[in-house]
Each structure stands twice: as C-alpha cells, then as structure tokens.
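S.K.: structure of the sequence below:
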Amino acid sequence: MDIFTFKKIMILGGYIYVAINCIIIKSRFFQHMFIMGMQAIYTLFLHSLVAFIQSYFFSDNPIYYQLFLQSVLYIILFIITLYPVVKILKNTFAIYIKEDMSYYWNILWIIPFCLFYSDIILTMNGEWINTFNQLVSRTLTLITAVVIFKCTTLDFTEKKSKIDVVHNNQLLKLQVSDLNNQFQVIQKNKENLSILKHDMRHRLYLIKTLINEGNYEEVDHIMNNWNNNLEETNIVSFCKNPTINASLSAYIEKAKKHNIEVKTNIDLPSHLNIDDADLAVVILNLTENALNASLKSDSIKKGDLKEKIIEINSRYSDNTLVFRLRNKFYGHVDFDEDDLPITTAKNHGIGMRSVKAFTEKYNAHVSCTFEDNWFTVVLFIKE
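M.R.: Below you'll find the model as predicted:
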C-alpha cells in the first residue's frame, strides 16, 4: 500500500460509520452530514500533526513502517484528546444536535463539509503533510470548525431560551385566564347568594306555613331545591395558595373533559418564601406533561379499557415542600444522565428544561421514575 491508497481508505472508511448512523438514527441525514464534516476536520488535524512529524524524522523508513506509525500515533493522539472533547460536547452540542430543525441543518452542514473537502482535494496525493504552511492551513481549518461549533451552540442556546420564555408566557397567560374565570364565577356566585339571601325570609315563611299544614313532602322538595342552589355557588379549590390553585384549575378541568380521572391532595400554605409565579410555572409544566402523556396513551389495548389517571399530591412541613405528580402512561420513557425524561419530538421537552432551571435557581431536587405504567415526578423544595 502506498500513501495515496492509505489516504483514500481512511476517507472511505469513515463513510461506513456515517451509513451505520443513518440506519440506526433515521430522519437525521443533515445532522449526520454535519457531524461527519466536523469530525473529519478534527481527525484530519490529528493525522496532519503525525504526518508532519513523520516527514521530518521518519521519511527514510520503509512505507509499511510509516503507515503503521501513522496509525499508532494517530490513535494515541485521539485517545489523549477524546476525554476533553467528549466533556465539551456532552452537555452542549450533543443535546442540540437532536433538534428536528431541517431548515437549519440542511444548510449548516455545508460549511464543515466544504471546508473538509476543499482541503482534501488539494492534499489527496502520495505525500505526507511536509511543510509548515500546510500544517498552518490545517490548524486554521480546525479553528474555523471550533468557531462553527461555538456559534451553533450559542445560537441553539438562544433559540431554546426564546422557546422557554414563549412557553412560560403561554402558561402564565393560561393562569391569568383561569384567575379571570374564577373571578367571574365568584361574581356570579355572589349575585346568586344575594338572591338566595333576599329570598330566604320568604322561603322560611313558606316552610313554616307548610309545616303547620303538615305538608312535609313539599317542605322536603323546597329544602332539596334550596340545597342544590347553594351547591351551585360552591367554588372548587385545590389548595390555599391562590396562584397555585389558579394554575391547576385550568388543566384539571381540561383533563376531566377528556375523561381523565384527576385525584388531588394538595397541602400548600397561602404564602411561600419562594416566588409563587416560578413555582406555578413548574407545576403547570408538570401538569401539562402529565395531561399530554395521558392524551397520547392509547385508551384501548386488546379489548381492555386502560385507566387514565393523574394524581397530584403535596405536603408542606418544616419549611420543606414535597410535590408529587403521577400519571398513567402506556409506552416507553427514556431518561438522560440527570434522570429526566427526554424526547426528540419537535417542540417537546420544554417543560422538563423549565423544571431543571427551577431546581438550579432554588437549589431544589427533582426525581423521575417510570414503573408499572406509572410515571412519577417528585419535586423537593427547601425554603
């Protein structure tokens, strides 16, 4: 084998891995092409360092020895640089690469791809990198790739932040809307109570007359009708905290409209030492996730009716709030390295990012589990 053949095999061999990626992770072709271009620039730089050393110190050795040395030294360099590269990518770009944004990726991949092949076209020959100018060129190409990575990461971070803000604003609008609805209900009930109070004297006089006449059946009818009127003036309350109560009301009402059973046992004080709005947004996100998961689950499987249940519980004691939400889910749940559920669906996963941001802000802790078709999330908040 000569140097030219060695170079061709190194490039063609990489396509095997790209093909495997495209088969395993479908519908991400442009992401695969972008990664291929970025990785090719990185590995090409490592090969260039080795080749530059070879051209000065081992150029007189037999070709098989040079090829063997090229491979061994490259692997050593790759292993040395692997840990810092993985550490950089782990919590940044590796997350954003999953985003299904075709309009973005089908253009972005062209930059590293063209950078790589513009260099390959000039250096695909039977010689090693043997001049300082060639090494500088490869170094500048690597720097360009690093800048692309940084700009892409910053761009995605900004996009995520904007999406989070829009999502949280939507949740807060829903909360305000529910507060307005509750206010209207209170006003209506207040009017009904005024009417009942006004008619009370007449009703009592009528009941007294009917009792004197021994018409107990009619008395019973009037009392039942009166009780029903009073029941209609009741306002459903899930907890003492008005902000949290308003946050839950809309989603619980929506769940009931979709025949999802909702069980609540919420112990929250009327005032907390943390921002009520922040906590409300987190609870709204968790409730929205549970509702969407319940709606997503198939209601019938093999003729058996599946249960659709959401359970919301909380306890407050010793300045510690424990909030637990459980929902039935008939499917598969994947978790990331922080044990938070992940999804590759478009515009999903925003809620859990909001929860994570909340835990970082208030030094809280969140725990998620999935067992026996029950997805459970528990939030621990120490005031």
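
S.K.: okay, CA-based contacts and neighbour counts for the rest of this
M.R.: Noted.

S.K.: which SS state does Ala255 fall under?
M.R.: Secondary structure of Ala255, reduced to three states by DSSP: H, G, I helix; E, B strand; the rest coil: helix.

S.K.: ok, the residue lying closest to it once chain neighbours are set aside - contacts?
M.R.: Distances taken as CA to CA, 6 or more residues apart in numbering put Leu291 closest to Ala255, at 6.5 Å, once the chain neighbours are dropped. Leu291 makes contact with Tyr251, Ala255, Ile310 under the criterion CA atoms under 8 Å, 6 or more residues apart in numbering.

S.K.: make a PyMOL selection of the buried ones in those.
M.R.: Per 16 or more other CA atoms under 10 Å, the buried members of those correspond to this PyMOL selection:
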select buried, resi 251+255+310
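
S.K.: where does the stretch 51-200 of the chain dip in pLDDT?
M.R.: Within the stretch 51-200 of the chain, the stretches with pLDDT under 70 are 91-103, 163-164, 166-200.

S.K.: now the helices for it?
M.R.: Using DSSP state H, counting those that start in this stretch, the helices of the stretch 51-200 of the chain run over 63-90, 93-96, 102-108, 110-123, 132-213.

S.K.: mind giving me the packing neighbours of the helix or strand where Val18 lies?
M.R.: Using DSSP states H and E, the element containing Val18 is helix 3-24. Counting contacts by 3 or more CA pairs under 8 Å, 6 or more residues apart in numbering; DSSP states H and E, helix 3-24 is packed against helix 29-57, helix 63-90.

S.K.: looking at that helix now, give me its mean pLDDT.
M.R.: Helix 3-24 comes out with an average pLDDT of 86.

S.K.: that helix to helix 29-57, inter-axis angle?
M.R.: Between helix 3-24 and helix 29-57, the angle comes out at 160 degrees (axes from the mean of the first three to the mean of the last three CA atoms, to 10 degrees).

S.K.: chain center to helix 3-24: distance?
M.R.: 34 Å (CA atoms, centre = their mean, to the nearest Å).

S.K.: buried ones in that helix?
M.R.: Residues of helix 3-24 classed as buried by neighbour count (16+ other CA under 10 Å): Ile3, Lys7, Val18, Cys22.

S.K.: just the CA atoms of that helix, as PDB, please.
M.R.: Only the C-alpha atoms of helix 3-24 are listed here, as PDB (Å, rounded to 0.1, in the frame of the first residue of the first chain):
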ATOM      1  CA  ILE A   3       0.400   6.800   0.900                       C
ATOM      2  CA  PHE A   4      -2.300   7.800  -1.600                       C
ATOM      3  CA  THR A   5      -4.100   4.500  -1.100                       C
ATOM      4  CA  PHE A   6      -3.900   4.900   2.600                       C
ATOM      5  CA  LYS A   7      -5.500   8.300   2.500                       C
ATOM      6  CA  LYS A   8      -8.300   7.100   0.300                       C
ATOM      7  CA  ILE A   9      -9.000   4.100   2.600                       C
ATOM      8  CA  MET A  10      -9.100   6.500   5.700                       C
ATOM      9  CA  ILE A  11     -11.700   8.700   4.000                       C
ATOM     10  CA  LEU A  12     -13.800   5.900   2.500                       C
ATOM     11  CA  GLY A  13     -13.700   4.100   5.800                       C
ATOM     12  CA  GLY A  14     -15.400   7.000   7.500                       C
ATOM     13  CA  TYR A  15     -18.400   6.700   5.200                       C
ATOM     14  CA  ILE A  16     -19.100   3.200   6.700                       C
ATOM     15  CA  TYR A  17     -19.800   4.800  10.100                       C
ATOM     16  CA  VAL A  18     -21.900   7.500   8.500                       C
ATOM     17  CA  ALA A  19     -24.000   4.800   6.800                       C
ATOM     18  CA  ILE A  20     -24.400   2.900  10.100                       C
ATOM     19  CA  ASN A  21     -25.500   6.200  11.900                       C
ATOM     20  CA  CYS A  22     -28.100   6.900   9.100                       C
ATOM     21  CA  ILE A  23     -29.500   3.400   9.500                       C
ATOM     22  CA  ILE A  24     -29.700   3.400  13.300                       C
END
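
S.K.: and Ile120, how far from Met10?
M.R.: 12 Å (CA to CA, to the nearest Å).

S.K.: the helix holding Val18 to helix 110-123, inter-axis angle?
M.R.: 160 degrees.

S.K.: give me the contact list for helix 3-24.
M.R.: Contacting residues not belonging to helix 3-24 are listed as Arg28, Phe29, His32, Met33, Met36, Ile63, Leu67, Met124, Asn125, Gly126, Glu127, Trp128 [CA under 8 Å, 6+ apart].

S.K.: closest to Met223 among those residues?
M.R.: Relative to Met223, the closest of these is Arg28; by CA to CA it sits at 67.9 Å.

S.K.: count the residues that sit near the closest one.
M.R.: By other CA atoms under 10 Å, 19 other residues sit near Arg28.

S.K.: return the backbone torsion pair for it.
M.R.: Note on Arg28: its backbone torsions stand at phi -130, psi 40 [degrees, to the nearest 10].

S.K.: just give the nearest non-adjacent residue to it, would you?
M.R.: Cys22 (7.1 Å).

S.K.: now do the one you found against Gly37, distance only.
M.R.: 15 Å.

S.K.: over to Asn363?
M.R.: Distance, Asn363 to Gly37, using CA to CA: 40 Å.

S.K.: look at these two and report which has more neighbours.
M.R.: Gly37 (21 against 12).

S.K.: the more buried one contacts Ser118, correct?
M.R.: No - look at Gly37 against Ser118 with CA atoms under 8 Å: they stay out of range, at 11.5 Å.

S.K.: kind regards, and thank you for your time.
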